[in-house]
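Participant: for reference, the sequence and a predicted model appear below.
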Amino acid sequence: MGILPILEWVSWNASFEGSDAGSGPLSSPWYSTHKTQLFGVLLAAASNFLISVSLNIQKCAHLRLACQTELKPYYKSKLWWCGITLLGLGDVGNFTAYGFAPIALVAPLGCVSVIGSALISVLFLKKTMRAADILGGTLTVTGTYLLVTFAPNVPQELTARGVQNYLVSWPFLLYSILEIIIFCILLYFYKRKAVKHIMVLLMMVALLASLTVIAVKAVASMIILSVKGKMQLTYPVFYIMIVLMATSCAFQVKFLNQAMHLYEVTAIVPINFVFFTTSAIISGVIFYQEFQSAALLSVFMFLFGCLLSFLGVFVIARNKKEEHLQIPFIDCGHIPGQKLTSKIQPDSHSSRYGTLNNEDDSVKSQS
């Protein structure tokens, strides 16, 4: 190691140190200012990766059960319960991360789950690594780096009185009215006109998600402050936010399950990620005013990072075929009372096999 590189390193390290500070990059002013936010970022990224691990473990458990001669319920599998436990830990970690970092930073980190799932499926489920996976992963990692670097730095001590003030602010009231109107229009087409397009369903999920993340951040922040000794759980707004969180989350699951029943997962994942992230960022900007003092360049680079993450997720999910378990055909000739010898294949989008033809129709089809 030469003299010049040593002098450059010493001058770089000294530029980040105060007169009374310790040595090393962790003593820099940037770290002291962003350490709480950095902890939230690392917690969110680790939690999303844990969620991707749990989903792959559950899939592996289902595949093992399908290969057994004696079928048994999935909830009797220890491997499946291991996946559920990891999923719960990941969700708790994500919930806690909202108490340490801005919504605009935690929500886009859901792309880590997509990258982790693609990587784990290649390493452990023996799937083929595609060029699209490498390109999508590179775009997503680059976008995540820009997100973390140019994310807004806002105070994270969110008190119950602060949440009350945000709830009655004019920007949030106008945003709530606009969101209610849009949601009612979509619900009208969904219920009355039977419009169940994927965009309609996932837009309703995204609108509900914006309320969910607002409530999650408020509840998580107040719990963390209470643990630190600043009691916030005696305020009514804490319980109002819990009710809002539970209600919006329940309806989210309802509409998301409807979309999962009608459309392929490979189509739902990227669209839902884009809609959820966009709605979460908008809600954080309006409710918590997260970009209030941000520079224009920081806002532009943050949005560019979001765009790269969106493109990466779309590239990974594009042309990715959804796999179904191999279920044998049913031989109608062995069913009592039926004269057909043809076979009916189960519907891959339903848990039912459908209905058999009537006796008269069976005879006609054979004649």
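Facilitator: That came through, no problem.
Participant: where's the residue most central in space within the chain relative to Val122, distance?
Facilitator: Compute the mean C-alpha point of the chain, and by C-alpha atoms, centre = their mean the closest residue is Gly110, 4.6 Å away. Going from Gly110 to Val122 by C-beta to C-beta, to the nearest Å gives 20 Å. C-betas here are computed from N, CA, C, even on glycine.
Participant: repeat for Leu308
Facilitator: Taken as C-beta to C-beta, the span from Leu308 to Val122 is 22 Å.
Participant: so which of these two has more stuff around it?
Facilitator: Shown here are Leu308 and Val122; by other C-beta atoms under 10 Å, Leu308 has more neighbours (21 against 14).
Participant: secondary structure class for the more buried one?
Facilitator: helix (DSSP: H, G, I helix; E, B strand; the rest coil).
Participant: thought it was touching Gly137?
Facilitator: No - counting by C-beta atoms under 8 Å, Leu308 stays clear of Gly137, with 11.4 Å between them.
Participant: out of everything not next to it in sequence, what's closest to Phe249?
Facilitator: I think there's a mix-up here, since residue 249 is Cys and not Phe. Thr212 (5.3 Å; C-beta to C-beta, 6 or more residues apart in numbering).
Participant: give me the pLDDT for the one you found.
Facilitator: Looking at Thr212, its pLDDT is 94.
Participant: run a quick neighbour tally on it.
Facilitator: Thr212: 23 neighbours (other C-beta under 10 Å).
Participant: what's the distance between it and Phe251?
Facilitator: Counting by C-beta to C-beta, the gap from Thr212 to Phe251 is 9 Å.
Participant: now swap in Pro108 and tell me
Facilitator: Taking C-beta to C-beta, one finds Pro108 at 23 Å from Phe251.
Participant: who's more crowded, these two?
Facilitator: Neighbour count, other C-beta under 10 Å: between Pro108 and Phe251, Pro108 has more, with 28 against 16.
Participant: now do the contacts for the more buried one.
Facilitator: Gly143, Thr144, Leu147, Thr277, Ile281, Gly305, Cys306, Ser309 (C-beta atoms under 8 Å, 6 or more residues apart in numbering).
Participant: same question for Leu308.
Facilitator: Leu139, Thr140, Thr142, Gly143, Leu146.
Participant: could you list the buried residues of the lengthiest helix in the chain?
Facilitator: As assigned by DSSP state H, the longest helix anywhere in the chain is helix 29-67. The neighbour-count check on helix 29-67 (16 or more other C-beta atoms under 10 Å) flags 34, 36-37, 40-62, 65 as buried.
Participant: for the closest residue to Phe124 other than its chain neighbours, give me the pLDDT.
Facilitator: Spatially, and ignoring its direct neighbours in sequence, Phe124 is nearest to Asn56 (6.7 Å; C-beta to C-beta, 6+ apart). Asn56 carries a pLDDT value of 80.
Participant: before we move on, what about Ser283?
Facilitator: 92.
Participant: quick one on the thing from earlier: now do the contacts for the residue nearest to Phe124.
Facilitator: Asn56 touches Gly83, Ser117, Ile120, Ser121, Phe124, Leu125, counting by C-beta under 8 Å, 6+ apart.
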